[in-house]
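**Q** I would like to see how this sequence folds:
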Amino acid sequence: MSADSVRTRLLAGRGDGTDGARSAADRVHDELRRELLAGRLPYGQRLVEEHLAEQFSTSRTPVREALRRLESDGHIVRDPAGGVRPNPPRVSSMRDVYAVRFVLEDLVVTLAARGGERADRAELLRLREDWIELRDDWPALRDRIEWPDFVHADESFHLGLARASGNRAAVRYLRDVNERIRVLRIHDFTTEDRIDATITEHLEIVEAACAGEVATATALMATHVEASAAVVEQRVGELLARMFEAGTT
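**A** Numbering: from 1, shown residues only. Okay, here's the model as predicted:
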């Protein structure tokens with residue numbers, strides 16, 4: 001197993017999977033993120049450090065750190081008065097950004113599967129082995145990580161394909177797209193079935209690419225990205241409905 005394998009990155013900072021091995025800031029962050037992703041915190045509700053510290057039986061320092069991380073990830077937003085509130089996902093440009101992502105993903109999987117002077121065959125093979133390892137270890141890992149953190153593992157797969165393609169510009173552009181839609185895409189990884197499906201689909205794509213089956217690899221990638229976009233759009237719509245309904249009751 002490589003030191004920076006996807007399995008290792010998923011477990012980084014998670015301790016042994018128990019609350020006692022994790023910091024109070026981690027615990028507050030994870031609990032608040034679950035609430036935000038479930039739409040249980042009404043839109044417009046101010047998140048007050050003192051109240052949260054009391055709720056989580058901790059001091060204000062870990063609460064402040066958790067809020068800072070949630071703000072950095074786009075889950076909450078700071079208002080002009082200095083307070084923080086849930087940040088409703090903005091879906092108006094989602095389809096446009098996904099259209100750009102679709103073009104980039106099609107390009108990199110085509111180049112990686114086709115091979116050629118600039119393609120990195122060794123990177124492609126490492127990527128396959130990394131995800132075979134994750135597939136085999138996932139039953140033991142699923143209870144040791146916060147499922148939404150899987151979004152970073154998913155991004156690492158697609159960036160790995162981009163590196164294998166040999167197109168450095170595609171790597172940069174794909175990383176930028178990932179950062180723009182991460183706060184939306186995280187909703188694809190809140191249930192076990194979607195993570196299981198993603199691992200299976202990633203392996204199908206990389207196996208086809210390793211075999212040089214360009215048409216199969218591109219078709220599998222298209223289906224993969226389209227399915228993810230549909231799930232994200234549905235779940236974000238449901239989230240917004242819950243947030244605004246909670247704010248009016």
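**Q** which residue is nearest the middle of the protein?
**A** residue 151 (1.7 Å; CA atoms, centre = their mean).
**Q** Tell me the buried residues in the longest helix belonging to the chain?
**A** Longest among the helix segments of the chain by residue count, using DSSP state H, is helix 214-248. Within helix 214-248, the residues that count as buried by 16 or more other CB atoms under 10 Å are 214, 216-218, 220-221, 224-225, 228-229, 231-233, 235-236, 239-240, 242-243, 246. Where C-beta positions appear, they are placed from N, C-alpha and C, glycine not excepted.
**Q** Check stretch 198-206 too.
**A** If you call a residue buried by 16+ other CB under 10 Å, then stretch 198-206 has these buried ones: 198-199, 201-206.
**Q** if we can go back for a sec, what residues are up against the residue nearest to the centre of the chain?
**A** Counting by CB atoms under 8 Å, 6 or more residues apart in numbering, residue 151 touches 182, 185-186, 188-189.
**Q** quick one on the thing from earlier: now the longest helix of the chain: mean pLDDT?
**A** Averaged across helix 214-248, the pLDDT comes to 90.
**Q** Can you name every helix or strand that that helix contacts?
**A** Packing partners of helix 214-248 (3 or more CB pairs under 8 Å, 6 or more residues apart in numbering; DSSP states H and E): helix 94-114, helix 168-185, helix 192-210.
**Q** from what I can see residue 105 touches residue 225, true?
**A** Yes: with contact defined as CB atoms under 8 Å, residue 105 and residue 225 form a contacting pair (5.5 Å).
**Q** Residue 127 reaches residue 161, doesn't it?
**A** Yes: the pair residue 127 / residue 161 is scored as a contact, 6.7 Å apart, by CB under 8 Å.
**Q** list residues touching both of those two?
**A** Counting by CB under 8 Å, 6+ apart, the common neighbours of residue 127 and residue 161 are residue 206.
**Q** So which bits of stretch 167-187 are buried?
**A** Within stretch 167-187, the residues scored as buried using 16+ other CB under 10 Å are 167, 170-171, 173-174, 177-178, 180-181, 183-187.
**Q** roughly how far is it from the heart of the chain?
**A** Relative to the chain's own centre, stretch 167-187 is displaced by 10 Å; criterion: CA atoms, centre = their mean, to the nearest Å.
**Q** Then stretch 173-190?
**A** Here stretch 173-190 is found 6 Å from its chain centre; the criterion is CA atoms, centre = their mean.
**Q** do stretch 109-116 as well
**A** Relative to the centre of its chain, stretch 109-116 is centred 25 Å away, using CA atoms, centre = their mean.
**Q** And stretch 176-194, by the same measure?
**A** Distance, stretch centre to chain centre, for stretch 176-194: 4 Å (CA atoms, centre = their mean).
**Q** Quick one: mean pLDDT for it?
**A** pLDDT averaged over stretch 176-194 gives 92.
**Q** what's the span of that stretch from first residue to last?
**A** End-to-end distance of stretch 176-194 (CA to CA, to the nearest Å): 24 Å.
**Q** Ok, stretch 160-171 next?
**A** Distance across stretch 160-171, first residue to last, is 9 Å (CA to CA).
**Q** Show me which positions of the lowest-mean-pLDDT helix or strand in the chain end up buried.
**A** When the helices and strands of the chain are compared on mean pLDDT, DSSP states H and E, helix 6-11 comes out lowest with a mean of 80. Judged by neighbour count (16+ other CB under 10 Å), helix 6-11 contains these buried residues: 6-7, 10-11.
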